[in-house]
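Q: The following comprises the amino acid sequence and a computationally predicted model.
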Amino acid sequence: IMQETATGWMHLYLGEPGEPLRALTEGRWEVTGIVGADDRAVYYTSTERSPLERNLYTVDYKGRHKRLLTPDKGFHTIAPSAGMRYYISTFSSADDPGRVEICDARGRTVRTVADNAALRRLADSIRLPRKEFFTFTTERGDTLNAYIVKPRGFDASQRYPVLLTQYSGPGSQTVQNRWKLDWEDVLAQRGYVVVATDGRGTGYRGEAFKKSTYGQLGRLEVEDQLSTARYMAAQPWIDAERIGIYGWSYGGFMALGCAFRGEGLFKMAIAVAPVTSWRYYDSIYTENFNGLPEDHPKGYDDNSPVNLAHLFRDDSTRLLIVHGTADDNVHFQNTMEMVRALNKLGKQYDMMVYPDQNHSMMPDDMIHVREKMLRYTLENL
């Protein structure tokens, strides 16, 4: 089994019913998944080399003879065959669009299914900006993982606008050493710096870090994104008057929280499909992290954006709220109650509604919403 409460880090344990469990792995890193097993060993993915990476390992049932099967630094996703005779490895890194391989149980490549050579050549030919990973320490002494994408032709003697992109949900991870492109990367080609930070509450850095936000969703996470904005504002090559933040879903909840509590720190905020009150979100998720509303009402209300609208400084921050009316994950009610609160206070904002679209704006408007966010950023940041 996988268990984290024994040491505060997710690890593998073996035992019979009614008997004490015996650890097969240990250390200040986490097992992220059990891939498979045979009669000699268990195969698993972990963050042992870096919390930003995933690699495949094997260890025997006495916790011995541990072996790394995927030596490349980056992110590996593993799909096993029955009995772990073979597995499909899908690999990428921030610098490499990666490859798909069929490997045997010893980690030897049997066949390369795809090597992404054409994409690699294209990325190099257009000098596609790549992620650079860094850490910084907040005012509270927490060290956070982050990445930055700088514009093509970056010149440290110039000053650039910066967009913070984040998700920030419990146990999540945005800062990963893997290949991923989205609308923000277009901004990097338009002269913007893009930064992502995994604050407290995100995953793969131990139980204490992940569970620090429980019962108070949106408090510590917002503090850490505000710290990121202040850290970037202090860089001599950042225009401190042009800092923006964006997020979708939990990230939208965060973008609103940061816009409202930022005291004008952000020139622009974009919130897509945001949770605006934890009283409107599904109970399976919310009660898992915030407890019952009758037991922890402050956890439901104190950090919900619908209750923070009075803090919004619309004279200094341009706000765009985006939502699909058929969202069955974060119901449209969230945005309706949010704009009701803003309207009552006479606050000005912008809004984009997508009729009959779900949480991902599919099937019709996935591209349209990204074009909207790109144009809004270029016009307002």
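A: Here it is on my side, so go on.
Q: what sits up against stretch 80-95?
A: Residues outside stretch 80-95 that contact it (Cβ atoms under 8 Å, 6 or more residues apart in numbering): 35-38, 43, 56, 70, 72-79, 98-105, 110, 113, 130-131, 133, 147, 177-179. C-beta: built from backbone N, CA, C; applies to glycine.
Q: Tell me the buried residues within the residues you listed.
A: 35-36, 43, 56, 70, 73-78, 98-101, 103, 105, 130-131, 147, 177-179 (16 or more other Cβ atoms under 10 Å).
Q: Quick check: strands, which of those are part of them?
A: Using DSSP state E, the subset of the buried ones among the contacts of stretch 80-95 located in strands is 35-36, 43, 56, 75-78, 98-101, 103, 131, 147.
Q: Now do the helices in this structure.
A: 117-125, 183-188, 207-211, 220-233, 250-261, 283-290, 297-301, 333-344, 366-380 (DSSP state H).
Q: Pick the most buried one from those.
A: Greatest average neighbour count among the helices of the chain goes to helix 250-261 (a mean of 28), per mean count of other Cβ atoms under 10 Å.
Q: Which residues outside it are in contact with it?
A: Contacts of helix 250-261 (Cβ under 8 Å, 6+ apart): 164-169, 172, 218, 221-222, 225-226, 229, 245-247, 265-266, 269-276, 303, 305, 308-309, 311-312, 317, 319, 321-322, 330, 338.
Q: One more pass at 7 Å, please.
A: Identification of contacts with helix 250-261 by Cβ atoms under 7 Å, 6 or more residues apart in numbering yields 166-169, 218, 221-222, 225-226, 245-247, 266, 269-276, 303, 305, 308-309, 311-312, 317, 319.
Q: chain center to it: distance?
A: In terms of Cα atoms, centre = their mean, to the nearest Å, the centre of helix 250-261 is set 14 Å apart from its chain centre.
Q: Near residue 115, how many other residues are there?
A: Neighbours of residue 115 under the rule other Cβ atoms under 10 Å: 13.
Q: So for it, what's the nearest residue that isn't a sequence neighbour?
A: In this structure, residue 115 finds its nearest non-sequential neighbour in residue 99, 4.7 Å apart by Cβ to Cβ, 6 or more residues apart in numbering.
Q: next one: residue 97
A: Per Cβ to Cβ, 6+ apart, closest to residue 97 is residue 116, 4.1 Å.
Q: for the chain, which residue is closest to the average position?
A: In the chain, the centroid-proximal residue (Cα atoms, centre = their mean) is residue 174; its distance is 2.6 Å.
Q: State the distance from that residue to residue 229.
A: 16 Å (Cβ to Cβ, to the nearest Å).
Q: Please apply the same query to residue 2.
A: Residue 2 is 36 Å from residue 229, by Cβ to Cβ.
Q: Just to check, residue 296 is in contact with residue 290?
A: Yes. Using Cβ atoms under 7 Å, residue 296 makes contact with residue 290 at a distance of 6.0 Å.
Q: Now do the shared contacts for these two.
A: residue 215.
Q: quick one: pLDDT of the residue nearest to the centre of the chain?
A: The confidence metric pLDDT takes the value 98 at residue 174.
Q: Can you give me every residue that contacts it?
A: Applying Cβ under 7 Å, 6+ apart, the residues contacting residue 174 are 166, 167, 196, 198.
Q: quick one: which of the residues you listed has the most company?
A: If you rank the contacts of residue 174 by neighbour count (other Cβ under 10 Å), residue 166 sits at the top with 28 neighbours.
Q: how deep is the spatially closest residue to residue 352 that is not a sequence neighbour tucked in, by neighbour count?
A: Nearest residue to residue 352 in three dimensions, chain neighbours excluded: residue 322, at 4.5 Å (Cβ to Cβ, 6+ apart). Neighbour count for residue 322, taken as other Cβ under 10 Å: 24.
Q: and what of the one 5 residues further on?
A: Around residue 327 sit 20 other residues, with neighbours defined as other Cβ under 10 Å.
Q: got it, and residue 148?
A: Neighbour count of residue 148, defined by other Cβ under 10 Å: 19.
Q: For residue 202, see how far away it is.
A: Plainly put, residue 148 is 17 Å away from residue 202 if you go by Cβ to Cβ.
Q: Likewise for residue 64?
A: With Cβ to Cβ as the criterion, residue 64 and residue 202 are 32 Å apart.
Q: Between the two, which is the more surrounded one?
A: Neighbours per residue, other Cβ under 10 Å: of residue 64 and residue 202, the larger number sits with residue 202, 26 against 9.
Q: Test my guess that that one contacts residue 167.
A: No. When contacts are counted by Cβ under 7 Å, residue 202 is not listed as touching residue 167 (8.2 Å).
Q: Any chance you could list what contacts stretch 205-212?
A: 4, 5, 8, 9, 51, 170, 171, 200, 201, 202, 203, 220.
Q: what lines up beside the longest strand along the chain in the sheet?
A: Scanning the chain for the strand with the most residues, using DSSP E, yields strand 238-248. Using DSSP bridges, strand 238-248 pairs in its sheet with strand 160-165 (parallel), strand 268-272 (parallel).
Q: so which of those is the most packed in?
A: strand 268-272 (a mean of 28).
Q: still on that earlier bit, identify whichever of the strands paired with strand 238-248 lies nearest to residue 192.
A: Closest of the strands paired with strand 238-248 to residue 192 is strand 160-165, at 5.3 Å (criterion: Cβ to Cβ).
Q: Nice, that's everything, thank you.
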